[in-house]
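Undergrad: fold the following.
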Amino acid sequence: MQSFDTSPHDTQPSEPETLVPVCPVDALPQGTLRRLTLSNGSELALYNIDGEYYATDNICPHRGAALSDGAVIGHTVECSLHGWQFDVRTGECLTVTEKIKTFGVRVIDGMIFVVG
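TA: Below you'll find the model as predicted:
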């Protein structure tokens, strides 16, 4: 019996990912985070959690503190100013109903790239 794909298809070509190189893998040891400023002025926090890489906005929406100055416990970053906590995988705030933007991260040939 032959099967057919009946799911709707997007007829628009997908846009290629823009990969922004940010640092070598060796520059971000497991369990650490660092602040990045992209060429467009965006400030991100980049995390290495158990060998997986994540990127979020670096600014806490509460009072503008740098999340890269905070503590990371598991997949949660805690703002050093007032303790708001965010899941770095989703951007969801675990403290209130705010959210921060997350970015895709790729590792290619020992270099970490952020999808921009």
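
Undergrad: what pairs with Leu19 across the strands?
TA: For Leu19, the beta-bridge partners are Val115 (DSSP bridges).

Undergrad: do the same with Ala66
TA: Ile59.

Undergrad: likewise the one 5 residues further on?
TA: Beta-bridge pairing of Ala71, defined through DSSP bridges, involves Glu78.

Undergrad: and it, how far from Pro29?
TA: Separation of Ala71 from Pro29 (C-beta to C-beta, to the nearest Å) stands at 16 Å. Quick note: C-beta positions are derived from backbone N, CA and C, even for glycine.

Undergrad: next one: Gly91
TA: As judged by C-beta to C-beta, Gly91 and Pro29 stand 24 Å apart.

Undergrad: more crowded one of these two?
TA: With neighbours defined as other C-beta atoms under 10 Å, Gly91 and Pro29 compare such that Gly91 has more, 16 against 8.

Undergrad: who's in contact with the more buried one?
TA: Applying C-beta atoms under 8 Å, 6 or more residues apart in numbering, we find Gly91 in contact with Thr56, Asp57, Lys99, Ile100, Lys101, Thr102.

Undergrad: just those residues: which are in strands?
TA: When DSSP state E defines the strands, the subset of the contacts of Gly91 inside them is Thr56, Asp57, Thr102.

Undergrad: counting neighbours, which of the residues you listed comes out on top?
TA: Within the ones in strands among the contacts of Gly91, neighbour counts (other C-beta under 10 Å) peak at Thr56, which reaches 24 neighbours.

Undergrad: does that one touch Ala45 like I think?
TA: Yes. The criterion here is C-beta atoms under 8 Å, and Thr56 meets it with Ala45 at 5.3 Å.

Undergrad: joint contacts of the two?
TA: Common neighbours of Thr56 and Ala45 (C-beta under 8 Å, 6+ apart) are Leu67, Val77, Val88.

Undergrad: what sits against the residue nearest to Leu44 when sequence neighbours are not counted?
TA: Spatially, and ignoring its direct neighbours in sequence, Leu44 is nearest to Leu36 (4.6 Å; C-beta to C-beta, 6 or more residues apart in numbering). Taking C-beta under 8 Å, 6+ apart, we find Leu36 in contact with Val22, Cys23, Glu43, Leu44, Ala45, Leu46, Ala55, Asn58, Val114.
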